[in-house]
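> Sequence plus the predicted model coming up.
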Amino acid sequence: MQDIDIADLKRISELIFQKYNYDFRNYAMSSFKRRVLRIMELKKLTVESLIKKLNDTPIFINEFLDELTVNVTEMFRDPSFWRIMREEIIPAIQLNHKQFKIWHAGCSSGEEVLSMCIMLKEMGILHDVTLIATDLDVNILEKAKSATYPVKNMELNEKNYIRFQGTASSLKDYYKEDSGYAVFDKNLFMNVSFRKHDLVLGDVFNKFDLVLCRNVMIYFNQNLQNEVLKKFHESLFKYGYLAIGSKESLIWCDYANRFIVVNNEEKIYKKIKD
Amino acid sequence: MSKFNLNNSYKAVVIGGSAGSFQGVVKILSQLPKGFPLPIIMCLHRLKHVRNGFVEALSIKSVVQVTEPYDKENIKKGGVYLAPANYHMSVELGNYFALSTEEMINNSRPAIDITLGTTAYVYRDKLIGILLSGANRDGALGMKHIHEKGGLTIVQEPTECMIDTMPKAALAVTKIDHVMKVDQIVEFLKELDKQYR
């Protein structure tokens, strides 16, 4: 296994920023390093040949982004989180807005969006909700839109769904198997729009009642987490909700005092100050 | 000079373990000298989808409360940390934790190689790495990193392990400074503690 030093990692993130306008300069160093080493190993590249390829082959950038970003996710990850969503958070939003908007920021291959849509359908309110799912990786967005996953992933997804205690007897009610893939019912995505959006360099583009961004900001350093939280703050209506991963925390951020903790175990926050 | 030839230059202890390591870890934590001066950073294989219970079970007999750190939490002297379920746990330059949900390594998340490898990178020759009982090869490469950065390597005596695959894998890939039973590891940590008094 090759190694790479911080100076070379900085050269790579600087090059990607200057040439392609993606900003990884404030990513957490340990995981960024592992991702770059992984790409070097997968593509059989040295540091110098990777830099050359990024410089000379613009089409390589999409493939690079696809491997660099972490796209490991599950349906109904942390079933207790989804139960709280169903039993407390969504009903609380509906007290004020019968029709509301959700942003899945950094949606990756779409498992959380799909989980949300299944939950909303089971609650009988899917038609009342507008969902926007964004990621900076266009390849993964295509995958998310297809709502198609390898059947081998479904064992874990099904286990989570059972612990979530959904109203269907099985997730199988929502998909058909086709040559090793679980193809979900596209009607579940009737109100979802998938868009390319960069959390780091992109602008605030809409206002939401709920923002989900679980296990995305762990790849950022604290400065960047701070900046992104400001964007989420601006993207939320007053009294809107923000959900982050179970081992993430806002307490180090400047805007932490503009939120209150609604559920500490599941890391659900509510914006209380503009 | 102590019998283990120790000094007070170390900045952290990192412990890896899997199947059969629970009793050993409990013994180490329950006999840790009060006010032990270094952070103890642990990555133990655990059920991926059970978030609660493990840290509580470890804390019952531990001298120090065991915590699962948040992403970007600072590492404190004397803190005892456990990698949370379903996250890899790294240490970053600047002395804080970073969590990630990357692919499993050695069929594991948390993977011991990640925690050991990143602590080796940050603490270099100021690190003590301990690998306990376990049923796969995770941790062997991490121990190699610790050795290559000049850190001290210890594995649990294979004959004492419930499953010896893990310490044996480490012994096969790198130089291990001490092969010890858990009781000796406890003695070792007590001796280490004295260097800082």
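Received it, and whenever you're ready, just let me know what you need.
> Tell me which helix or strand in chain A has the weakest average pLDDT.
Lowest mean confidence among the helices and strands of chain A (mean pLDDT, DSSP states H and E): helix A:60-68, at a mean of 94.
> Is A:Tyr175 in contact with A:Phe184, as I believe?
Yes - with contact defined as CB atoms under 8 Å, A:Tyr175 reaches A:Phe184; the gap is 4.5 Å. Yep, even glycine has a C-beta here, placed from its N, CA and C like the rest.
> can you map out the helices along the stretch 151-274 of chain A?
Under the criterion DSSP state H, counting those that start in this stretch, the stretch 151-274 of chain A contains helices at A:154-164, A:222-235.
> Oh, that last question was meant for chain B, not what I typed.
B:22-30, B:54-59, B:112-123, B:140-148, B:165-173, B:182-194 (DSSP state H).
> for the record, mean pLDDT for the fourth one?
For helix B:140-148, the per-residue pLDDT values average out at 98.
> Name the residues that touch that helix?
Taking contacts as CB atoms under 8 Å, 6 or more residues apart in numbering or on different chains, the residues outside helix B:140-148 that touch it are B:14, B:16, B:112-117, B:119-121, B:127, B:129, B:131, B:152-153, B:155, B:166, B:169-170, B:172-177.
> For B:Met1, give me the pLDDT.
Model confidence at B:Met1 (pLDDT) stands at 47.
> by contact count, what packs against the worst-scoring helix or strand of chain B on mean pLDDT?
Between all helices and strands in chain B, the lowest mean by mean pLDDT, DSSP H and E belongs to helix B:54-59, at a mean of 92. Taking 3 or more CB pairs under 8 Å, 6 or more residues apart in numbering or on different chains; DSSP states H and E as the contact definition, the neighbouring helices and strands of helix B:54-59 are helix B:22-30, strand B:66-67, strand B:80-82.
> among the contacts of helix B:140-148, which are within reach of chain A?
Taking CB under 8 Å from any CB of the partner chain, the overlap between these and the neighbourhood of chain A is B:Ile114, B:Tyr121.
> Among the contacts of helix B:140-148, name the buried ones.
B:14, B:16, B:112-117, B:119-121, B:127, B:129, B:131, B:152-153, B:155, B:166, B:169-170, B:174, B:176-177 (16 or more other CB atoms under 10 Å in any protein chain shown).
> Tell me which residues touch B:Tyr81, please.
The neighbourhood of B:Tyr81, defined by CB under 8 Å, 6+ apart, consists of B:Pro39, B:Ile40, B:Ile41, B:Met42, B:Val66, B:Thr67, B:Glu68, B:Pro69, B:Ile75, B:Met89, B:Phe97.
> Which of those residues fall within strands?
B:Ile40, B:Ile41, B:Met42, B:Val66, B:Thr67, B:Met89, B:Phe97 (DSSP state E).
> So for the last one, what's the nearest residue that isn't a sequence neighbour?
Closest residue in space to B:Phe97, ignoring its immediate chain neighbours: B:Pro69 at 4.4 Å, by CB to CB, 6 or more residues apart in numbering or on different chains.
> ok, that neighbour - how many residues close by?
B:Pro69 sits with 24 neighbouring residues when counted by other CB atoms under 10 Å in any protein chain shown.
> B:Glu157 contacts B:Asp183, correct?
No - with contact defined as CB under 8 Å, B:Glu157 does not count as touching B:Asp183 (9.8 Å).
> These two: which is more packed in?
In terms of neighbours (other CB under 10 Å), B:Glu157 is the more surrounded of B:Glu157 and B:Asp183; the figures are 17 against 14.
> ok, the residue nearest to the more buried one when sequence neighbours are not counted - contacts?
If the residues on either side of it in the chain are set aside, B:Glu157 comes closest to B:Lys181, at 4.7 Å by CB to CB, 6+ apart. Applying CB under 8 Å, 6+ apart to B:Lys181 gives the contacts B:Gln156, B:Glu157, B:Glu160.
> Pull up the gap between B:Lys181 and chain A, please.
Computed with CB to the nearest CB, to the nearest Å, the distance linking B:Lys181 and chain A is 32 Å.
> again, but for B:Tyr10
Using CB to the nearest CB, which is the criterion applied here, B:Tyr10 is 21 Å from chain A.
> what's A:Asn26 sitting at in phi/psi?
Dihedral pair for A:Asn26: phi -110, psi 30, per degrees, to the nearest 10.
> which residues sit in contact with it?
Contact criterion CB under 8 Å, 6+ apart gives A:Val200, A:Phe220, A:Asn221, A:Asn223, A:Leu224 as the residues in contact with A:Asn26.
> Over to A:Leu136?
Residues touching A:Leu136, when contacts are defined by CB under 8 Å, 6+ apart, comprise A:Tyr22, A:Leu65, A:Thr69, A:Gly106, A:Lys196, A:His197, A:Asp198, A:Leu199, A:Val200.
> Would you mind writing the PyMOL command to select the buried ones in the residues you listed?
Per 16+ other CB under 10 Å, the buried members of the contacts of A:Leu136 correspond to this PyMOL selection:
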select buried, chain A and resi 22+65+69+106+197+199+200
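> what about A:Lys33, distance to chain B?
Using CB to the nearest CB, one obtains 9 Å as the distance from A:Lys33 to chain B.
> Can you tell me which of the ones in strands among the contacts of B:Tyr81 are buried?
Judged by neighbour count, with 16+ other CB under 10 Å as the criterion, the buried members of these are B:Ile40, B:Ile41, B:Met42, B:Val66, B:Met89, B:Phe97.
> residue contacts, the closest residue to chain A within chain B?
Nearest residue of chain B to chain A, counting by CB to the nearest CB: B:Ser90, 3.8 Å away. Applying CB under 8 Å, 6+ apart, one finds that B:Ser90 lies in contact with A:Ala28, A:Ser30, A:Ser31, B:Phe97, B:Ala98, B:Leu99, B:Ser100, B:Ile114, B:Thr115, B:Thr118.
> ok, the third one touching A:Phe220?
No - using CB under 8 Å, A:Ser31 makes no contact with A:Phe220, being 9.8 Å away.
> on that earlier part again, and of the contacts of A:Leu136, the nearest to chain B?
Checking those against chain B by CB to the nearest CB gives A:Thr69 as the nearest, at 10.4 Å.
> and the residue nearest to the closest one when sequence neighbours are not counted, how many neighbours?
Leaving aside its sequence neighbours, A:Thr69 sits nearest to A:Asp137 (CB to CB, 6+ apart; 5.1 Å). Other residues within reach of A:Asp137 by the criterion other CB under 10 Å amount to 24.
> Let me see the contact set for A:Asp137.
Applying CB under 8 Å, 6+ apart, the residues near A:Asp137 are A:Asn62, A:Leu65, A:Asp66, A:Thr69, A:Asn71, A:Ser108.
> In terms of pLDDT, where does the fourth one sit?
Looking back up the chat, that one is A:Thr69. According to the model's per-residue confidence, A:Thr69 sits at a pLDDT of 93.
> so it makes contact with A:Ile140?
Yes - using CB under 8 Å, A:Thr69 makes contact with A:Ile140 at a distance of 7.1 Å.
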